[in-house]
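Enquirer: let me see the structure of the following:
(one chain, ligands or ions: 1)
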Amino acid sequence: MEPVTSPNGGSVQGRQALHERFGSRLYVNPELTRKAVSYQGNRGVPGLRWMKYKEGFSRALVERLIDEHEPEAVLDPFAGIGTTPLVAAGRGRSATGIEIMPVGVLAGNGIAQAANGVSRDALEAAGSGLIARVESDEPAPSEFAFPHVSITEAAFPGPTEAAIAKARQFISDIEDHAIRTLLTLACMTILEDVSYTRKDGQYLRWDHRSGRALRARVDKGPILSFQHALGARLLEMVQDVDVLKREYGGAYPEFMTGSCLELMRELPDARFDMVITSPPYANRYDYTRTYALELAWLGFDQDGFADLRQQMLSATVENKTKLAWLRQVYGENPGLPAKAVRMYQGQEALHEVLAILREHAGELGNRHVIRLLEGYFLEMAIVVAELGRVTRPGGTVIMVNDNVQYHGEEAPVDLILSDFAEQSGFVCEAIWMLPRGKGNSSQQMRRFGRREIRKCVYRWVRR
Ligand SMILES: C[S@@+](CC[C@H](N)C(=O)[O-])C[C@H]1O[C@@H](n2cnc3c(N)ncnc32)[C@H](O)[C@@H]1O
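Expert: A predicted model of the protein is given here:
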């Protein structure tokens, strides 16, 4: 096992102790490729290929786990576009997904509706109507213009803005809920392709043709027209409908929209015998920025963006503590959060990292990474404690997550969360490492040398 070191000369005792405790259960699983734990595995997969949700994991991973464990009831509290609930329901299991990002919720619902109701002919006819409207010469009234917020201004070429407004007008007249969902989804999923932007991990990168003042010059190459991209997406959707009926049809997963920190409370004790999930990583990625176009399309204004970001699991430097809100959600009676707060407060390895970062706060690129880590681990303590409550004895939790490092100091997310799990009624059976971890940024590499950070899948079994 690699030695635990602190490049800042701080204590490593807490992290060393955790390594010793979990060391024999921490090993490379050669079957876990990056493709399996990322959206790349869904290229070409019916339904899931409609939305390039970079945060997703693959259908193949979920299928393998479900076939191996044969659970009755499956939960994903961070469901994204619904990979876990869709695959589980398709295999005849009771399936529940909780997701806070309306972008993911729309995609999951759209796929489920295509699998369980909408006919191929009806979708094809509605799609042809939409294309005809977009290609018509008649401009749409100004009320249907793309509802920009400051971070999306100038995202589209002029003709695309006009085409978008026509599409929005056409969709607003559709009464059939499922068809409306699918046409909205078709348009929302092509926004990046027809824009001057490109999603790039933490940021939205801008092409120089947008006319925005830019630090780095990005050239996206040819940008598709709205009609062209929409036609291609609708064709894909029509082609997939019948396959989806075979693969995911027959049962509709339960999608709960909102924060799992709030909604998991509504789930009964011991309801699930399997959880397959991947929370946001503690890596500063701000989903409300990378999905700005899609959220604006769905009607989010500036305040809506800020509220959503704050409600999401703390993973950005903008997130503020949710402690007061959590106390409100859970009420005065100190039940679960008190236990989670204790797990969080007693986690020595975590506080070792936080203490070093606080000592070096003046040297950090952004000192709010400290607040990020505090919020992330407190909130994950609540999620893990809730998982302990809703998972049946003998049930399994599979969690995909990356470790992170700030200022050269590694936070062993895998070991810390597994410690929370073992205090919440689970036995951590394995922490599978991907054969290749994640390299550090070039800036950190220059300062602290090359360090690979573990990307892992944890397997916790309920006692
Ligand atoms: C790593 S992604 C999981 C993607 C999913 N496995 C899939 O295949 O699409 C994490 C998800 O958690 C969601 N999320 C963040 N905070 C949340 C919260 N408080 N409650 C529920 N979902 C949340 C994000 O919007 C994101 O979709």
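Enquirer: the strands in this structure, which residues?
Expert: 26-28, 73-76, 94-99, 197-200, 203-206, 254-257, 272-277, 391-402, 404-406, 409-411, 426-433, 438-439, 452-453, 455-462 (DSSP state E).
Enquirer: and the ligand, which of these is closest to it?
Expert: strand 94-99 (5.0 Å; C-beta to the nearest ligand atom). No exception for glycine: its C-beta is placed from N, CA and C like everyone else's.
Enquirer: any chance of the strands of the chain in TSV, with distance to the ligand too?
Expert: Below are the strands of the chain laid out as TSV (distance: least, C-beta to the nearest ligand atom, whole Å):
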stretch	distance to the ligand
strand 26-28	21
strand 73-76	7
strand 94-99	5
strand 197-200	14
strand 203-206	16
strand 254-257	9
strand 272-277	7
strand 391-402	7
strand 404-406	14
strand 409-411	17
strand 426-433	17
strand 438-439	14
strand 452-453	16
strand 455-462	12
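Enquirer: can you tell me which of these has the worst average pLDDT?
Expert: When the strands of the chain are ranked by mean pLDDT, strand 438-439 comes last with a mean of 75.
Enquirer: chain center to that one, what's the gap?
Expert: Taking the mean of its C-alpha atoms, strand 438-439 sits 19 Å from the chain's own mean (C-alpha atoms, centre = their mean, to the nearest Å).
Enquirer: just checking, what packs against it?
Expert: strand 452-453 (3 or more C-beta pairs under 8 Å, 6 or more residues apart in numbering; DSSP states H and E).
Enquirer: who does the strand it packs on touch, helix- and strand-wise?
Expert: Partner elements for strand 452-453 (3+ C-beta pairs under 8 Å, 6+ apart): strand 438-439.
Enquirer: dump the strands of the chain to JSON lines, plus mean neighbour count.
Expert: Output for those, formatted as JSON lines (neighbours: other C-beta atoms under 10 Å):
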{"stretch": "strand 26-28", "mean neighbour count": "16"}
{"stretch": "strand 73-76", "mean neighbour count": "27"}
{"stretch": "strand 94-99", "mean neighbour count": "26"}
{"stretch": "strand 197-200", "mean neighbour count": "17"}
{"stretch": "strand 203-206", "mean neighbour count": "18"}
{"stretch": "strand 254-257", "mean neighbour count": "18"}
{"stretch": "strand 272-277", "mean neighbour count": "24"}
{"stretch": "strand 391-402", "mean neighbour count": "20"}
{"stretch": "strand 404-406", "mean neighbour count": "21"}
{"stretch": "strand 409-411", "mean neighbour count": "22"}
{"stretch": "strand 426-433", "mean neighbour count": "19"}
{"stretch": "strand 438-439", "mean neighbour count": "14"}
{"stretch": "strand 452-453", "mean neighbour count": "15"}
{"stretch": "strand 455-462", "mean neighbour count": "23"}
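Enquirer: switch those strands over to JSON lines; also include distance to residue 378.
Expert: Output for the strands of the chain, formatted as JSON lines (distance: least, C-beta to C-beta, whole Å):
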{"stretch": "strand 26-28", "distance to residue 378": "24"}
{"stretch": "strand 73-76", "distance to residue 378": "21"}
{"stretch": "strand 94-99", "distance to residue 378": "19"}
{"stretch": "strand 197-200", "distance to residue 378": "29"}
{"stretch": "strand 203-206", "distance to residue 378": "27"}
{"stretch": "strand 254-257", "distance to residue 378": "22"}
{"stretch": "strand 272-277", "distance to residue 378": "18"}
{"stretch": "strand 391-402", "distance to residue 378": "16"}
{"stretch": "strand 404-406", "distance to residue 378": "16"}
{"stretch": "strand 409-411", "distance to residue 378": "14"}
{"stretch": "strand 426-433", "distance to residue 378": "19"}
{"stretch": "strand 438-439", "distance to residue 378": "24"}
{"stretch": "strand 452-453", "distance to residue 378": "22"}
{"stretch": "strand 455-462", "distance to residue 378": "19"}
